[in-house]
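Chemist: With the input below, show me the fold.
(one chain, ligands or ions: 4)
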Amino acid sequence: MNRKIVFIVIFLLFCFGQVYAYQYDPNDFATQVISYIQGTGVEKDPVDGVRYFNDPCTALGRPTIDTTGDDYDIDPDEIVPVVSVYQPLRADEIVTVGTGGSLVLKFNHPVANDLNNPYGMDFIVFSNAAHKILCCERWLNGNPNNTTVRSDMIKDIGIVSVSQDGQNWYSFADGPFVDDFAATLGRVYNPANPDPNLGTWNLWWGGATDPTIPLDPNITAASLEGKTVAQVAQLYGQSAGGTAFDISELGLDWIMYVKIEDNGIYPPEVDAVADVSGCGDYKHPFPCGDLNYDCRVDMIDLALLASNWLKCSWNCE
Ligand SMILES: [Ca+2]
Ligand SMILES: [Ca+2]
Ligand SMILES: [Ca+2]
Ligand SMILES: [Ca+2]
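Modeler: Ligands and ions are numbered 1, 2, ... in the order given. Model (predicted):
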């Protein structure tokens, strides 16, 4: 092999050997609480029995990666990655609106109906809806290949509205609903490269998932029936799950405010709200010369330019 080919092979191996990892940026999430109206029936943290789930600032920033033991099945001092059957449970992780309450959050930039957002989804709300576990099994923060997920979920109903100015609201009255499918996944299932910071017990959980990637809509609660916690996590891939919303359904190009209200029956919890990442969004604008809008200028763009060379559609003389 000549030196050029060797270089190309090494370059390709380097590229494909890279493990994708999301770099946390607080600007990807709601940055401001505009209002919080605490409804009734707000409960206390089940572990410390002191703090109420009424701190709206817990809905800012990224969703929870790891929570703690629940002091029932798992020691409260244990670090417990958030998985489909075990969701954020502490008062410094999630807030509830309570019965009759509401929460209004704001982004520091317009969240757009971007052309290339995966599955057309534009923002994601994370909560604490969890899958039930097959009868007689329990989640003990052990081997995720040994616990089986049911399609049934422990969930609530949060109604989402969005706004550009904080005054005029547009509602997803018929869903999707917050605190429903999909459960949050804090970490990527990666037994080849488990995160040693969790302790020597961790043989399965790698780096944090990417909360700006929506879950493939072909994955439904029903489709997860009978799968193990590990299989569910593998289906998620890099996605952190959550409930994803497409603002084009409401005829909007962008929004900056998200309101979450309860439906009077099942008040929801909120962990975080994320702006979906995609090629062409405000952080990844199309470069000049990118004719096919894939965020790179390459031979395809050159071929497009060449095939349309000297074409003219107006005032061509
Ligand atoms: Ca969209
Ligand atoms: Ca809930
Ligand atoms: Ca949170
Ligand atoms: Ca291109």
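Chemist: ok, the closest residue to ligand 3 within the stretch 101-250 of the chain to residue 223 distance?
Modeler: As assessed by C-beta to the ion, ligand 3 sits closest to residue 126 within the stretch 101-250 of the chain, at 7.3 Å. Glycine gets a C-beta too; all of them are placed from N, C-alpha and C. Distance of residue 126 to residue 223, given as C-beta to C-beta, to the nearest Å: 20 Å.
Chemist: what's the answer for residue 51, then?
Modeler: According to C-beta to C-beta, residue 51 stands 36 Å off from residue 223.
Chemist: ditto for residue 273
Modeler: With C-beta to C-beta as the criterion, residue 273 and residue 223 are 25 Å apart.
Chemist: So between the two, which is more surrounded?
Modeler: Set residue 273 next to residue 223 and count neighbours by other C-beta atoms under 10 Å: residue 273 wins out with 29 against 12.
Chemist: Residue 79 reaches residue 66, doesn't it?
Modeler: Yes - using C-beta atoms under 8 Å, residue 79 is in contact with residue 66, at 4.9 Å.
Chemist: Report the set of residues contacting both of those two.
Modeler: residue 198 (C-beta atoms under 8 Å, 6 or more residues apart in numbering).
Chemist: what about the closest residue to residue 190 other than its chain neighbours, neighbour count?
Modeler: Counting by C-beta to C-beta, 6 or more residues apart in numbering, residue 190 lies nearest to residue 206, which is 2.9 Å off, once chain neighbours are set aside. If you count neighbours by other C-beta under 10 Å, residue 206 ends up with 20.
Chemist: Find the residue closest to the closest residue to ligand 3 within the stretch 151-300 of the chain in space, skipping its chain neighbours.
Modeler: Scanning the stretch 151-300 of the chain for proximity to ligand 3 using C-beta to the ion identifies residue 271 as nearest, at 4.1 Å. In this structure, residue 271 finds its nearest non-sequential neighbour in residue 126, 4.2 Å apart by C-beta to C-beta, 6+ apart.
Chemist: Can you list phi and psi of the one you found for me?
Modeler: phi -100, psi 140 (degrees, to the nearest 10).
Chemist: OK, contacts around it?
Modeler: Per C-beta under 8 Å, 6+ apart, neighbours of residue 126: 63-64, 184, 211, 240-243, 270-274.
Chemist: Please tell me how far it sits from residue 27.
Modeler: 17 Å.
Chemist: try residue 306
Modeler: 39 Å.
Chemist: low-scoring stretches of this protein, by residue?
Modeler: 1-20 (pLDDT under 70).
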